[in-house]
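[1] Sequence plus the predicted model coming up.
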Amino acid sequence: ADFFTRNVNKKYDALIPARPVLGWDSGSHAEADNLMPFDEDLPDSGIITLPVDNKSASSRYELKRRIGNDVLHVQVETMTGRKHQVRVHCAKGLGRPLFLDPLYGGSSGVSKGQDQLLPPAIKKVADGSNGKQRFFLHASSLSLGSMGVQVKAPLPLWWQDVEKELEE
C-alpha cells in the first residue's frame, strides 16, 4: 500500500560530471522547453522539479562529495516515482548526465562516441564491462514508512574501485 500512497522513500547514488555538459543531445527524449539553467558550480543541495514524460516529477539532491576536479558523487531522493526520473533530472535538471548513461548520457556516455571526454577511471569501466551495460546509478536505500522497513545497499565494489582510482 505504501507504493500506491507514495509513502516510500527512495534514494539513489550517482556519479556525474563536475561541470555542466554543454550541447548534449538526448535524441528523442529532448524536451528543450523544460531545460533548466545550469550553474557552473553545482550547489551542495537542491530540489529539481522537472516533468518526466510529460508528468510532474520532483527530486531532492545532495552533493555527497567531490572526487578530483571532474566528478561529483550525488545522492538523489525521488519525491515522485517516474521511470528514468533520476537520469532525466541529472541530465536535464542539473545539466550533468550520469556517467556512461547510454540513454541520457550525451558526451558523458560512450554510446555517443565522445569517450575521450571521460575521466580515465570511468573510461576503463566502459572499455572493460564485457558487454554489461554499466552506468553510474545505484539504488542505495528504500524505506517503507508505515511498515518501519528500511533497506540499504552499499555501492558495488567496481564502483568503489573507480572512486578510489579517481581520488589518486
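    Here it is on my side, so go on.

[2] what are the phi and psi values for Asp44?
    Backbone geometry at Asp44, expressed as degrees, to the nearest 10, gives phi -60, psi -20.

[3] From what I see, it and Leu63 are in contact.
    Yes: in terms of C-beta atoms under 8 Å, Asp44 counts as a neighbour of Leu63; the distance is 4.7 Å. Where C-beta positions appear, they are placed from N, C-alpha and C, glycine not excepted.

[4] So the closest residue to Ser58 other than its chain neighbours versus Ala153, what's the distance?
    With C-beta to C-beta, 6 or more residues apart in numbering as the criterion, Ser58 has its nearest non-adjacent residue at 4.3 Å, and that residue is Met79. Distance, Met79 to Ala153, using C-beta to C-beta, to the nearest Å: 20 Å.

[5] So between the two, which is more surrounded?
    The neighbour count for Met79 versus Ala153, taken as other C-beta atoms under 10 Å, is higher for Met79 (15 against 12).

[6] quick one: pLDDT of the more buried one?
    At Met79, the pLDDT value in this model is 93.

[7] In contact with it, which residues?
    Met79 makes contact with Ser58, Ser59, Arg60 under the criterion C-beta atoms under 8 Å, 6 or more residues apart in numbering.

[8] And Asp13, by the same measure?
    Lys64, His73, Val74, Gln75, Val76, Leu137, His138, Ser140, Leu155.

[9] Considering those residues, which is situated nearest to Glu167?
    Among those, His73 lies closest to Glu167 (C-beta to C-beta), at 10.8 Å.
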